[in-house]
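> structural data only, the sequence is not supplied:
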């Protein structure tokens, strides 16, 4: 399409295909219309969104795990507007600052585990993880431990898609065509209790096994070369995998033994998703660094933070004496509009008791999923915590036995759910359908989601039986 063509009466759908580069999309098929028209979202309120055709859908995934307070919160828009009128932007380099960022930092630190001292503000989880990796390297340079630079992540973990955060991510589909992971990154096993090889293990025994595997990897690599371990309190994109009983107790023992820093990825879990301030609170984790984002602003403005412990900060101060100013930062670090957005968002979370709501409706969502789907022969596992849940589908429950990935069962069910007016998310590396609704959701809305998903699920199962791609025992 030429510039002159753009001045003609061209549809939004065609303009989108012509110019917008969509992430995580089959580029050729989309560009040539083989995936149908783009789904253009025009408006949203509460837990519901509306597309360009006026069709309403329930967003049972809160965007991308992030719209915690729901859509259409005018009080957040008002806060952004008032701040923009007063001062839309100024940087925080060389000691400059702004009041919203100062007040937000003070407020968030009070919500974090004890011993957390400072926050470096960026825009999204990926850049926060890049920042934390650089801090881990800098930290060890200050201490003269120049070989202690490797970062251990977990299989199935998700920490972003930039070069280093994408390397930390433990999903092969996100590595293979981008020459990742980087050399300084290693991966250990995920705490994926459902797929444990030794079916006789209880959760505590499995947690000890995971910790033993981490200890073995650190010993093989050399403790003097391993700087940090990064993990989510609950694995998100990798399959909504809650930490098994005793996991963090055992893992932290290993990290302390080898003087390895703990970086906790709170991007999904933080600010109420588990019914408390953080996954660290939920699992009694004492981090050296934390990454916060998504629920901080409910995605009304991009903002992320790297939260540092007192002990990390003390070494960074030594670094300034040794090396001069800390040479890292972003144009938009501690953006005043982002900070004003976060403050208004946290006001809603507190005023409306959304963490308390999660503690009420989270177990209800889990129970409704179990009551509706647990007895089906295709459903291998239903798991979750807080307002995070998923259904894992298997060809046979004995074993269990996975479906052939080429069948794309999870994706088929997610597409069928969308046809029934509900957005859920098919998760990679398995046939897993995830739920992560806004924290404002009520029990009657959960009932509506479950009823629509059940209809979609039954339709896919009937189609598979007719195709001969699956048969009940």
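That came through fine. Worth saying up front: this structure is predicted, and the values here are computed from it rather than measured.
> residue 235 contacts residue 157, doesn't it?
Yes: Residue 235 is within contact range of residue 157, at 6.3 Å (criterion: C-beta atoms under 8 Å). Yep, even glycine has a C-beta here, placed from its N, CA and C like the rest.
> higher neighbour count, the two?
For residue 235 versus residue 157, the count of surrounding residues by other C-beta atoms under 10 Å is larger for residue 235: 25 against 22.
> thinking again about what came up before, mutual contacts of residue 235 and residue 157, please.
residue 190 (C-beta atoms under 8 Å, 6 or more residues apart in numbering).
> spell out the secondary structure type for residue 343.
Per DSSP: H, G, I helix; E, B strand; the rest coil, the secondary structure class of residue 343 is helix.
> hang on, it packs against residue 104?
Yes: counting by C-beta under 8 Å, residue 104 is a contact partner of residue 343 at 5.5 Å.
> of these two, who's got more company?
residue 104 (26 against 19).
> so the more buried one sits against residue 345, correct?
No: applying C-beta under 8 Å as the test, residue 104 and residue 345 come out as separate, 10.1 Å apart.
> helices of the stretch 151-300 of the chain, residue ranges please.
If you assign secondary structure with DSSP state H, counting those that start in this stretch, the helices in the stretch 151-300 of the chain sit at 163-168, 203-221, 247-257, 279-283.
> closest to residue 47 out of the ones you listed?
When these are compared by C-beta to C-beta, helix 279-283 sits nearest residue 47, at 23.0 Å.
> mind listing what residue 295 touches?
With contacts taken as C-beta under 8 Å, 6+ apart, residue 295 has the following neighbours: 66, 68, 268, 270-273, 345, 349, 439.
> list the contacts for the closest residue to it other than its chain neighbours?
Once flanking residues are discounted, residue 295 sits nearest to residue 271: 3.5 Å by C-beta to C-beta, 6 or more residues apart in numbering. The neighbours of residue 271, taking C-beta under 8 Å, 6+ apart as the test, are 68, 111, 277-278, 292, 294-296, 346, 349.
> now swap in residue 61 and tell me
For residue 61, the residues meeting the contact criterion (C-beta under 8 Å, 6+ apart) are 423-425, 434-437.
> and residue 334, by the same measure?
By C-beta under 8 Å, 6+ apart, the residues touching residue 334 are 92, 97-98, 101, 105, 121.
> take the residues you listed and keep only those in helices.
For the contacts of residue 334, the ones inside helices are 101, 105, with DSSP state H as the criterion.
> switch the contacts of residue 334 over to TSV; also include pLDDT, distance to residue 178 and neighbour count.
Rendered in TSV, the data for the contacts of residue 334 read as follows (pLDDT from 0 to 100; distance: C-beta to C-beta, whole Å; neighbours: other C-beta atoms under 10 Å):
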residue	pLDDT	distance to residue 178	neighbour count
92	96	32	19
97	97	37	13
98	98	36	21
101	98	33	23
105	98	34	19
121	98	27	27
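> nearest to residue 359, of the contacts of residue 334?
Of all the contacts of residue 334, the one with the least separation from residue 359 (C-beta to C-beta) is residue 105, at 27.1 Å.
> which strand residues bridge the closest residue to that closest one other than its chain neighbours?
Counting by C-beta to C-beta, 6+ apart, the nearest residue to residue 105 once its immediate chain neighbours are dropped is residue 119, at 5.1 Å. Partner residues in beta bridges with residue 119, using DSSP bridges, are residue 307.
> pull the number of nearby residues for residue 119.
Each residue near residue 119 was counted by other C-beta under 10 Å, and the total is 21.
> could you do residue 313 as well?
Other residues lying near residue 313 total 14 when counted by other C-beta under 10 Å.
> isn't it right next to residue 116, touching?
No: with contact taken as C-beta under 8 Å, residue 313 and residue 116 are classed as non-touching, separated by 9.3 Å.
> gap between the residue nearest to residue 295 and residue 299?
The spacing between residue 271 and residue 299, counted by C-beta to C-beta, to the nearest Å, is 12 Å.
> same check, this time on residue 281
Between residue 281 and residue 299 the computed distance is 22 Å (C-beta to C-beta).
> tell me which of those two has more neighbours.
Legend: neighbour count by other C-beta under 10 Å for residue 281 and residue 299, higher for residue 299 (21 against 18).
> excluding covalently adjacent residues, which one is nearest to that one?
Nearest non-adjacent residue to residue 299, counting by C-beta to C-beta, 6+ apart: residue 66, 4.0 Å away.
> ok, that neighbour - contacts?
Listed by C-beta under 8 Å, 6+ apart, the contact set of residue 66 reads 293-295, 298-299.
> could you dump those residues to a markdown table with pLDDT and distance to residue 381?
Listed next are the contacts of residue 66 as a markdown table, based on pLDDT from 0 to 100; distance: C-beta to C-beta, whole Å:
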| residue | pLDDT | distance to residue 381 |
| --- | --- | --- |
| 293 | 98 | 28 |
| 294 | 98 | 25 |
| 295 | 98 | 25 |
| 298 | 98 | 29 |
| 299 | 98 | 29 |
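> for residue 395, state which of the residues you listed is nearest.
Sorting those by how near they are to residue 395, with C-beta to C-beta, puts residue 294 at the top with 33.5 Å.
> pretty sure the closest one contacts residue 126?
No: counting by C-beta under 8 Å, residue 126 is not a contact partner of residue 294; they are 12.0 Å apart.
> the two: who's more crowded?
It is residue 294, of residue 294 and residue 126, that has more neighbours when counted by other C-beta under 10 Å, with 28 against 23.
> what's the longest helix in this protein?
The single longest helix within the chain, with elements called by DSSP H, is helix 443-467.
> next up, the contacts around the closest residue to residue 46 other than its chain neighbours.
Beyond its immediate neighbours in the sequence, the residue positioned closest to residue 46 (C-beta to C-beta, 6+ apart) is residue 70, lying 4.9 Å away. Contacts for residue 70 (C-beta under 8 Å, 6+ apart) come out as 45-47, 298, 438-440.
> in stretch 345-362, what's buried?
Buried residues in stretch 345-362, counting neighbours by 16 or more other C-beta atoms under 10 Å, are found at 345-346, 348-349, 354-355, 357-359, 361-362.
> before we move on, what about stretch 321-336?
The neighbour-count check on stretch 321-336 (16+ other C-beta under 10 Å) flags 329-330, 332-336 as buried.
> was I right to think residue 328 contacts residue 131?
Yes: with contact defined as C-beta under 8 Å, residue 328 reaches residue 131; the gap is 6.7 Å.
> show me which of the contacts of residue 271 is closest to residue 20.
Within these, the smallest distance to residue 20 is 22.7 Å, found for residue 294 (C-beta to C-beta).
> for residue 67, see how far away the closest one is.
For residue 294, the distance to residue 67 - C-beta to C-beta - is 9 Å.
> equivalent analysis for residue 40, please.
Taking C-beta to C-beta, one finds residue 40 at 17 Å from residue 67.
> settle it for me: which of these two has more neighbours?
The residue with the greater number of neighbours, taking residue 40 and residue 67 and applying other C-beta under 10 Å, is residue 67; the counts read 26 against 12.
> how about the contacts made by the more buried one?
Taking C-beta under 8 Å, 6+ apart as the definition, contacts of residue 67 comprise 59, 298-299, 438.
> of these, closest to residue 379?
Nearest to residue 379 among the contacts of residue 67: residue 59, at 23.2 Å, using C-beta to C-beta.
> pLDDT below threshold where in the chain?
Within the chain, the segments meeting pLDDT under 70 span 1-8.
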